[in-house]
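# Predicted model and sequence follow; I will ask about them next.
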Amino acid sequence: MNMQVAKNTVVTLDYSVTDCDGELVDAGQEPLVYLHGGYDDIFPMIEEAVQGKRVGESVVVRMQPDDAFGEYDATLVQLEPRSQFPDELQVGMQFEGMPEGGDEDDEEDVLIYRVTEIADDKVVLDGNHPLAGMALVFTCTVTDVRPATADEIRHGHTHDEDFDDED
C-alpha cells in the first residue's frame, strides 16, 4: 500500500542538511519522524514540500534563516564571570539560561546557551541556535508513511512504537 503524505499521517524522512556552499551541517544520522498536518512538528516549508509525496520520493527545500532557525541575534551573546561555572568547562558545553529581561516564571523565555569562548575570568555564552543566521538546504526522502493514531493526533506529535501513554 503506497500512502501519500497528508494531514494526520506520520512521516519518516531520511534527510541531510547542507549550507548554501554544500557543506554538510547535519548528516541526519537518525531519520526524522513527525506528525504531518500543521502540528509544528517540523519546519512548515518542509511540510509543504512533502505534502502529497509517496515513499521513495525526494524533495530539496532551500530555506532562508527566517524559515529555519532564525536570524543571528547578537543580543543573545553574553559575557559571564568564569566563577559562575563548574571547573570542567569546555567550549561547546550548554547551559539553560534567561536572556536579559527574561521572565523567570516563563519557560518560553529559557534559552540554551552554548559556551563559545573561555577567557581567563570570562565566559562567552551564545543563546543563538548553532544554525541561526544560515540559509540551509534540506534534502529529504520519504521512507515511510502511516496513518497517525488517535492519541498522536490528540497530542499533536508522534509516539514511539514502544511508548505507552498513560495520561
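Noted; the coordinates are in hand.

# Just the CA coordinates for stretch 119-126, please, in CSV.
Taking Å, rounded to 0.1, in the frame of the first residue of the first chain, the C-alpha atoms of stretch 119-126 are listed here in CSV:
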residue,chain,number,x,y,z
ALA,A,119,39.0,33.6,28.7
ASP,A,120,40.8,33.9,31.9
ASP,A,121,38.0,35.2,34.0
LYS,A,122,35.2,35.5,31.5
VAL,A,123,33.0,33.0,29.6
VAL,A,124,31.2,33.9,26.3
LEU,A,125,27.8,32.4,26.0
ASP,A,126,25.7,32.3,22.8
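
# Which elements pack onto the lowest-mean-pLDDT helix or strand in the chain?
Lowest by mean pLDDT, DSSP states H and E among the helices and strands of the chain is strand 94-97, with a mean of 88. Contacts defined by 3 or more Cβ pairs under 8 Å, 6 or more residues apart in numbering; DSSP states H and E place strand 94-97 against strand 111-118. Every residue, glycine included, has its C-beta placed from N, CA and C.

# ok and the very next helix or strand once past the strand it packs on relative to strand 111-118, angle-wise?
Next along the chain after strand 111-118, taking DSSP states H and E as the criterion, comes strand 122-126. For strand 122-126 against strand 111-118, the angle by axes from the mean of the first three to the mean of the last three Cα atoms, to 10 degrees is 140 degrees.

# Sheet partners, orientation included, of strand 122-126?
strand 77-81 (antiparallel), strand 111-118 (antiparallel) (DSSP bridges).

# what would these look like in a markdown table with mean neighbour count and mean pLDDT?
Shown next, in a markdown table, are the strands paired with strand 122-126 (neighbours: other Cβ atoms under 10 Å; pLDDT from 0 to 100):
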| stretch | mean neighbour count | mean pLDDT |
| --- | --- | --- |
| strand 77-81 | 13 | 93 |
| strand 111-118 | 16 | 92 |
